[in-house]
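S.K.: fold the stuff below for me.
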Amino acid sequence: MADTKVKAAPKKSTASKASTGSAAKAAKGKSNGVETVAQPDPVLPGTDAPTAAASGSALPTPQATQPSFPKETYLQWYEQMQLMRKFEDKAGQLYGQQKIKGFCHLYIGQEACVAGAVSALEVGDKYITAYRDHAHPLALGTSPNAVMAELFAKATGCSKGKGGSMHMFDKEVGFMGGHGIVGGQVPMGAGIAFAEKYNKTGKLCICYMGDGAVRQGALHEAFNMAMLWKLPVIFVIENNGYAMGTSVQRTSNVTDLYKIGLSYDMPSEPVNGMRVEDVHEAVARAAERARKGDGPTLLEFKTYRYKGHSMSDPAKYRTKEELEDYRHRDAIEGVRHTILSNNMATEADLEAIDEKIKGQVNESVEFAETSPFPTPDELYKDVYVQADYPYIHD
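M.R.: Got it, this is the predicted structure:
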């Protein structure tokens, strides 16, 4: 039997300890006059969502955090996560201006789930996810210009303007795409891992999915085959607590979603997805197991998105107070605090990074706005690998 030892849940942060005392008092809340039922805390299993900020009590000043990684890693994380955040802040504004059309699912709040994985994996490893997919290529090195142009449906986009927000691809950096069919990427991720094993590349695939995708039957088929064939794949459930707009405990008898993997003897564990260090360490352990030939791992990243499911979602199923409480655990601010409290950089240094990112985002918007739309003949291209496939037009 494979090693199925489950790691202990992450320790509570300083801010979390202060908040959980009042958490049990808030079984229900109201948002915009709509009654909402409190959900289990995505970061701290077994408790309700914290209410420290809601109660008006001051959160304690964070203590200096002893760094677990080199200065260069923290600065890389800060820059990557700030790029994801500022890029999507701008994308949200542009959507409101109707310059970006169609669906648009923002990743704001979940940036550590990508940044920690990228730092733990190797060049040549493959990434695949669902339709909340802007952050992944940005962290892997895809030009912000190409991602923004894709949001604008321009020919210079990373999917040539044919995919839009939900279908970003960039095989040059190992990003095998965002996929619109809920759970559809799970067997595809296993298939990519099969190819890596078959070709003896020594590389792996990390396959992201939302908490709503675990209801798909294809997940169970993929899990079974991945364990049977010991495929080098890391399955990641990004549990932000609500799937589209329904809390996890209203859709599942098993609310600790990592336990689903245990029925396949798959090593599985929960991870604090609001702390980039925890993400890196968990992914690194899983990657070592995969590269040794020991097969897949299931990680449940307990995280939180600050925006609704999509830009059309007003998120009335949660309270404003709950949202504010989670903002106090923001992963970017956590990294920023560690950098400053350990003299890895100055405020001026971080402000310079922020200005650099602001320039990159502004440049990406200008690039997207001035780029051309695809020509009509592009409709018939990239349908099949065979360039002269004869049955596309007729």
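
S.K.: setting aside sequence neighbours, what's the nearest residue to Tyr380?
M.R.: Ile392 (5.1 Å; Cβ to Cβ, 6 or more residues apart in numbering). Glycine gets a C-beta too; all of them are placed from N, C-alpha and C.

S.K.: mind listing what's buried in stretch 208-219?
M.R.: 208-214, 216, 218-219 (16 or more other Cβ atoms under 10 Å).

S.K.: what's the closest of these to Tyr326?
M.R.: Asp211 (15.7 Å; Cβ to Cβ).

S.K.: quick check: the closest residue to Tyr317 other than its chain neighbours vs Ser310, distance?
M.R.: Spatial nearest neighbour of Tyr317, excluding adjacent residues (Cβ to Cβ, 6+ apart): Gly245 at 4.9 Å. According to Cβ to Cβ, to the nearest Å, Gly245 stands 10 Å off from Ser310.

S.K.: strands along this structure, start to end?
M.R.: 28-31, 34-37, 126-129, 175-178, 205-210, 233-239, 268-272, 297-302 (DSSP state E).

S.K.: so what's the model's average confidence on the last one?
M.R.: Which is strand 297-302. In this model, strand 297-302 carries a mean pLDDT of 96.

S.K.: what about this structure, any weak spots by pLDDT?
M.R.: For the chain, the stretches with pLDDT under 70 are 1-65, 308, 394.

S.K.: return the set of buried residues in the longest helix along it.
M.R.: Secondary structure of the chain per DSSP state H: the longest helix is helix 71-96. Neighbour-count burial for helix 71-96 flags 73-88, 90-92, 94-95 (criterion: 16+ other Cβ under 10 Å).

S.K.: could you give the backbone dihedrals for Phe152?
M.R.: phi -90, psi 0 (degrees, to the nearest 10).

S.K.: ends of stretch 250-268, how far apart?
M.R.: 23 Å (Cα to Cα, to the nearest Å).

S.K.: so how far is that stretch from its chain's centroid?
M.R.: 19 Å (Cα atoms, centre = their mean, to the nearest Å).

S.K.: before we move on, the earlier item: helices and strands around the longest helix of the chain, which ones?
M.R.: On a contact count with 3 or more Cβ pairs under 8 Å, 6 or more residues apart in numbering; DSSP states H and E, helix 71-96 meets helix 112-120, helix 135-140, helix 144-151, helix 331-341, helix 347-370.

S.K.: between these, which gets nearest to Ser252?
M.R.: helix 112-120 (20.0 Å).

S.K.: what sits up against the closest one?
M.R.: Helix 112-120 is touched from outside by 73, 76-77, 80-81, 84, 107, 127, 135-136, 139-140, 206, 208, 236, 238, 273-284, 287, 301, 303, 331, with contacts defined as Cβ atoms under 8 Å, 6 or more residues apart in numbering.
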